[in-house]
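**Q** Predicted model and sequence follow; I will ask about them next.
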Amino acid sequence: MAETELPEPLHPDLMPSLRKLVRGLEVLFWALPFALLVCVQETMVSWWESWGIAPALSAMALLLYGTYSLGHFQKQERVWQGTVNFAQVLALLMVGLVPFLHWQQQITSDTMTWSQMSESQKHIVYSACIFFTAGMMYVLNLNHVLARLAAMLPDPILRADVRLFVYLNFGLFLLLVIGLWMHQKADVVFLGLREFAPAFAESIGSYLGLAAMMKAAILWAATLVVTLTMTMLWKTKEVILNSVFSLEPPPLPEAPDADEVDPSRN
């Protein structure tokens with residue numbers, strides 16, 4: 001009788017690492033829109049001060065937890081671990097800068113110019129700028145992390161979709177940076193519009209109207225970036241879950257009957 005081939009056993013660390021990977025992707029899926037909402041409220045709504053730093057700290061802590069959960073997968077892959085570690089450093093930096101984000105809202109609510117600010121107030125503004133820079137770099141790097149993860153998964157459709165979404169997000173980030181620059185230089189940009197496009201400048205009204213338009217465009221671009229990143233997180237999680245079910249070993253073949261093993265008994 002031919003020997004029955006047993007299925008190859010799975011690596012003992014594979015299933016726990018996949019479980020932590022899926023948990024991290026799901027946490028990031030819900031933490032990203034929560035973090036965007038909190039950051040928008042911290043910078044635009046004055047009554048949000050009554051909540052203190054608890055909402056922003058909770059959102060950044062969720063991002064940090066989700067990013068650290070990704071690092072349990074494929075610890076032997078140096079390129080993958082390097083990309084995840086960089087995202088972890090950015091998330092940790094945002095957690096440490098959360099108080100400055102809250103204090104910056106209190107400073108900008110007062111009617112004072114840059115020259116009237118004290119050194120400590122300028123330090124708070126600088127730290128808040130570092131927070132937003134780290135936030136943009138984190139989302140960009142998270143897209144890179146998802147692209148690396150998709151390259152390790154046996155799904156060519158996911159790889160193609162993630163590559164497309166990463167390119168779209170990169171283009172949206174360029175629009176976001178341009179919008180931020182135009183918002184900070186609204187008076188200079190408006191003077192240029194009055195010279196080269198007077199009709200369009202007249203329809204806007206003043207540089208304050210241009211600044212309001214840029215603020216809406218920034219929020220629109222940031223929402224699209226977060227939405228596309230959430231889509232990649234969800235699709236990657238679903239592919240991993242489907243792969244986990246396919247990793248279950250097939251059932252062992254049934255033992256042949258005694259009559260089939262020894263025909264002389266018939």
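**A** Good, I have the coordinates.

**Q** Every contact and neighbour count from this point should use C-alpha atoms.
**A** Noted.

**Q** any idea how far residue 202 is from residue 193?
**A** Residue 193 sits 9 Å away from residue 202, going by C-alpha to C-alpha, to the nearest Å.

**Q** out of the two, which sits in the busier spot?
**A** A count of neighbours by other C-alpha atoms under 10 Å puts residue 193 above the other of residue 193 and residue 202, at 17 against 12.

**Q** Could you pull up the residues touching that one?
**A** Shown in contact with residue 193 (C-alpha atoms under 8 Å, 6 or more residues apart in numbering): 200, 201.

**Q** Please identify the helix or strand for it.
**A** For residue 193, the element it lies in under DSSP states H and E is helix 186-196.

**Q** Which SSE is immediately downstream of that helix?
**A** helix 198-204.

**Q** elements contacting that next one?
**A** helix 186-196 (3 or more C-alpha pairs under 8 Å, 6 or more residues apart in numbering; DSSP states H and E).

**Q** The same query, at a cut-off of 10 Å, please.
**A** helix 186-196, helix 207-246 (3 or more C-alpha pairs under 10 Å, 6 or more residues apart in numbering; DSSP states H and E).

**Q** Only the C-alpha atoms, please, for it, written as PDB.
**A** Extracted C-alpha coordinates of helix 198-204, given in PDB (Å, rounded to 0.1, in the frame of the first residue of the first chain):
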ATOM      1  CA  PRO A 198      -8.800  90.100 -12.700                       C
ATOM      2  CA  ALA A 199     -12.300  88.600 -13.500                       C
ATOM      3  CA  PHE A 200     -11.600  85.500 -11.400                       C
ATOM      4  CA  ALA A 201     -10.100  87.700  -8.600                       C
ATOM      5  CA  GLU A 202     -13.200  89.900  -8.600                       C
ATOM      6  CA  SER A 203     -15.400  86.800  -8.300                       C
ATOM      7  CA  ILE A 204     -13.500  85.700  -5.200                       C
END
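
**Q** Give me the distance between that helix and the centre of its chain.
**A** Remark: helix 198-204 is offset 37 Å from the chain centroid, using C-alpha atoms, centre = their mean, to the nearest Å.

**Q** Mind listing residues that contact it?
**A** Contact with helix 198-204 is made by 189-195, 207, 209-213, as judged by C-alpha atoms under 10 Å, 6 or more residues apart in numbering.

**Q** and if you look at stretch 224-232?
**A** The contact list for stretch 224-232 (C-alpha under 10 Å, 6+ apart) reads 25-26, 28-33, 35-36, 136, 139-140, 142-143, 146-147, 150, 158, 161-163, 165-166, 168-173, 176, 218-219, 221, 223, 233-234, 236-238.

**Q** Can you flag the buried ones in those?
**A** By neighbour count, with 16 or more other C-alpha atoms under 10 Å, the contacts of stretch 224-232 hold 25-26, 28-33, 35-36, 136, 139-140, 142-143, 146-147, 150, 158, 162-163, 165-166, 169, 172-173, 176, 218, 221, 223, 233-234, 236-237 as buried.
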